[in-house]
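Student: Fold the following for me, if possible:
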Amino acid sequence: MRSARPERRDRHDRPPPRYTLDRTQREYVEIIRGSGTTLLSLINDVFDVSRIEAGHLELERVDFRLRDLAAEIASALGSTRPQRSES
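Tutor: Down below sits the predicted model:
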């Protein structure tokens, strides 16, 4: 008769280690996170275009704030608001 082996733990069963990031590292992480979100959005847009071309797109109404959307787009493109010179 075989003895029962203890369950093997996968590395994903352990909680992730905690690291302290300095300010620069946190900024990089936020840039990476934002870039990932933007990339996912672009991929979804490509899928939407494919659905439109195939005639399989269903439209839905979504409320949004134009200012928030414009700020999000400007942030994603890395643009900054031009400074006014005080003359």
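
Student: C-alpha only now, for contacts and for neighbours.
Tutor: OK.

Student: Low-confidence stretches in this structure?
Tutor: By pLDDT under 70, the weakly predicted segments of the chain are 1-12, 79-87.

Student: Which helix or which strand is home to the spatially most central residue of it?
Tutor: For the chain, residue 37 is the residue whose C-alpha lies nearest the centre (Cα atoms, centre = their mean; 1.9 Å). Using DSSP states H and E, residue 37 maps to helix 23-54.

Student: After that helix, which helix or strand is next? Please name it.
Tutor: Next helix or strand after helix 23-54 toward the C-terminus (DSSP H and E): helix 66-77.

Student: Who are the packing partners of that next one?
Tutor: helix 23-54 (3 or more Cα pairs under 8 Å, 6 or more residues apart in numbering; DSSP states H and E).

Student: Run the angle between the helix it packs on and helix 66-77 for me.
Tutor: If you take axes from the mean of the first three to the mean of the last three Cα atoms, to 10 degrees, helix 23-54 sits at 110 degrees to helix 66-77.

Student: Give me the helices and strands touching helix 23-54, please.
Tutor: Using 3+ Cα pairs under 8 Å, 6+ apart, helix 23-54 sits against helix 66-77.
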